[in-house]
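Asks: Sequence first, predicted model second:
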Amino acid sequence: MKISYYYRLELANRRFTVMRRDGWQTDRGMILIMYGEPDQIEDFPFESSNSAYQVWSYYNVDSKPREFLFIDEWNSNDYVLQYPYDGVRY
């Protein structure tokens, strides 16, 4: 368990470090550390009418599917987690 945690921490730092913030401090890094690699990532790049966003799907976490929506509001590659924060869709 401890090895898995440190592996995810390092992975978050490599992938999501942005604007002098370590990757583990970002919303995507936090979710990666808590739940591991998502089963599916849908990536929607910036368009003139929409901000870039990503949808991360986990199909079996605690016997529930979870889905997390992250939006890059300022086109800075700092994607912010949107509600519901626990990823459970009601």
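Replies: On my side now, so go ahead. Everything numeric in this text was worked out from a predicted model, so none of it was measured. Numbering: from 1, shown residues only.

Asks: Identify the bridge partners of the closest residue to residue 71 other than its chain neighbours.
Replies: Among residues not flanking residue 71 along the chain, residue 53 sits closest, at 4.6 Å (CB to CB, 6 or more residues apart in numbering). Where you see a C-beta, it was placed from the backbone N, CA and C, and this is true even at glycine. Using DSSP bridges, the bridge partners assigned to residue 53 are residue 44, residue 71.

Asks: give me the number of residues near residue 53?
Replies: Neighbours of residue 53 under the rule other CB atoms under 10 Å: 18.

Asks: distance of it from residue 12?
Replies: 19 Å (CB to CB, to the nearest Å).

Asks: Tell me the confidence at the residue lying farthest from the centre of the chain?
Replies: Most distant from the centre of the chain: residue 48, at 23.0 Å, with distances by CA atoms, centre = their mean. As predicted, residue 48 sits at a pLDDT of 79.

Asks: any low-confidence regions in this structure?
Replies: Along the chain, the model assigns pLDDT under 70 to residues 90.

Asks: Need phi/psi at the most centrally placed residue in it.
Replies: By CA atoms, centre = their mean, the chain has its centre lying nearest to residue 28, at 2.8 Å. Main-chain dihedrals, residue 28, degrees, to the nearest 10: phi -70, psi -40.

Asks: I figured it hits residue 69, correct?
Replies: No. Counting by CB atoms under 8 Å, residue 69 is not a contact partner of residue 28; they are 11.1 Å apart.

Asks: What is the neighbour count of residue 57?
Replies: Residues near residue 57, counting by other CB under 10 Å: 14.

Asks: sorry, back to before: for the residue nearest to the centre of the chain, which non-adjacent residue is closest in space?
Replies: Residue 28 sits nearest to residue 16 (CB to CB, 6+ apart), 5.0 Å away.

Asks: Name all residues that make contact with that neighbour.
Replies: 23, 26, 28-29, 32 (CB atoms under 8 Å, 6 or more residues apart in numbering).
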